[in-house]
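Undergrad: Give me coordinates for this.
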Amino acid sequence: MEEATITPERAKVVSFSAPYFDANQGVLIRKGLAKPTSIAALKSLQLCAQAQTTGLAYIQHTIRPSKKPLVYSASSTAAFDAVEAGKCDALILDVPIVAEQSKKKPGAYGGVAGQIVTHEFYGAVMEKGSTFKPYLDKALKALKANGTIKRLETKWLLNPFPPILK
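TA: Next comes the predicted model:
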């Protein structure tokens, strides 16, 4: 399943499965930048985000940086390229996505500086009112209850877990 953050706005047009993964926002920094150790330290950096993401909303409504954030539409590729090229100091995007990109291109970035606790949840996206939803929800709840999802999370996504920025 592709990751999709469950939000009230998105739920107006699609149905989501029961949440199967808890995620926060991650901070991927450019190479050569000293790792910020707090959310306040992000305010003075050139931040960037993918358009229409919860990361962009967090930058605009919570961090409120001194510089206007760079916003990249369509996909996260342009945002990753901006960090790699040094145009953007720090990309704010879901932790699993930035952690995977950092692993995929070792040495291209300054690493994942940390995560910002946002209490977001991923769910599978379905057509609004899908009759498949109750069956998927039941399966996901069983996988969560028996620890399978946690084991997969630890093995494939967040190992080691990035530090929390406060």
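Undergrad: going forward, measure contacts and count neighbours with C-alpha atoms only.
TA: Fine.
Undergrad: The residue located most distally from the centre of the chain: what secondary structure?
TA: Going by CA atoms, centre = their mean, the residue of the chain most distant from its centre is T131, 28.6 Å out. Local secondary structure at T131 is given as coil here, using DSSP: H, G, I helix; E, B strand; the rest coil.
Undergrad: what's the longest strand in the chain?
TA: Secondary structure of the chain per DSSP state E: the longest strand is strand 111-122.
Undergrad: Check which helices and strands it sits against.
TA: Applying 3 or more CA pairs under 8 Å, 6 or more residues apart in numbering; DSSP states H and E, we find strand 111-122 packed against strand 21-29, helix 95-104.
Undergrad: quick one, which of these is nearest to Q115?
TA: strand 21-29 (4.3 Å; CA to CA).
Undergrad: And the strands in this structure?
TA: Under DSSP E, the chain gives strands at 14-16, 21-29, 47-50, 70-72, 90-94, 111-122, 125-127.
Undergrad: what would these look like in a markdown table with distance to S38 and mean pLDDT?
TA: Output for those, formatted as a markdown table (distance: least, CA to CA, whole Å; pLDDT from 0 to 100):
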| stretch | distance to S38 | mean pLDDT |
| --- | --- | --- |
| strand 14-16 | 32 | 94 |
| strand 21-29 | 11 | 93 |
| strand 47-50 | 14 | 97 |
| strand 70-72 | 20 | 97 |
| strand 90-94 | 13 | 97 |
| strand 111-122 | 9 | 94 |
| strand 125-127 | 33 | 93 |
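Undergrad: right, so of those, which gets closest to P162?
TA: strand 111-122 (4.8 Å).
Undergrad: and that closest one with strand 21-29, angle?
TA: On the basis of axes from the mean of the first three to the mean of the last three CA atoms, to 10 degrees, strand 111-122 is oriented at 150 degrees to strand 21-29.
Undergrad: Could you export strand 111-122 as CSV, CA atoms only?
TA: Extracted in CSV, the C-alpha atoms of strand 111-122 (Å, rounded to 0.1, in the frame of the first residue of the first chain):
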residue,chain,number,x,y,z
GLY,A,111,20.6,13.0,6.7
VAL,A,112,17.3,13.0,8.6
ALA,A,113,17.9,15.6,11.4
GLY,A,114,14.9,14.4,13.3
GLN,A,115,11.1,14.2,13.4
ILE,A,116,8.4,16.6,14.4
VAL,A,117,5.6,14.9,16.4
THR,A,118,2.4,15.6,14.5
HIS,A,119,0.3,12.5,15.3
GLU,A,120,-0.6,11.7,11.7
PHE,A,121,-2.0,8.3,10.5
TYR,A,122,-1.7,6.5,7.2
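Undergrad: Alright, that wraps it up for me.
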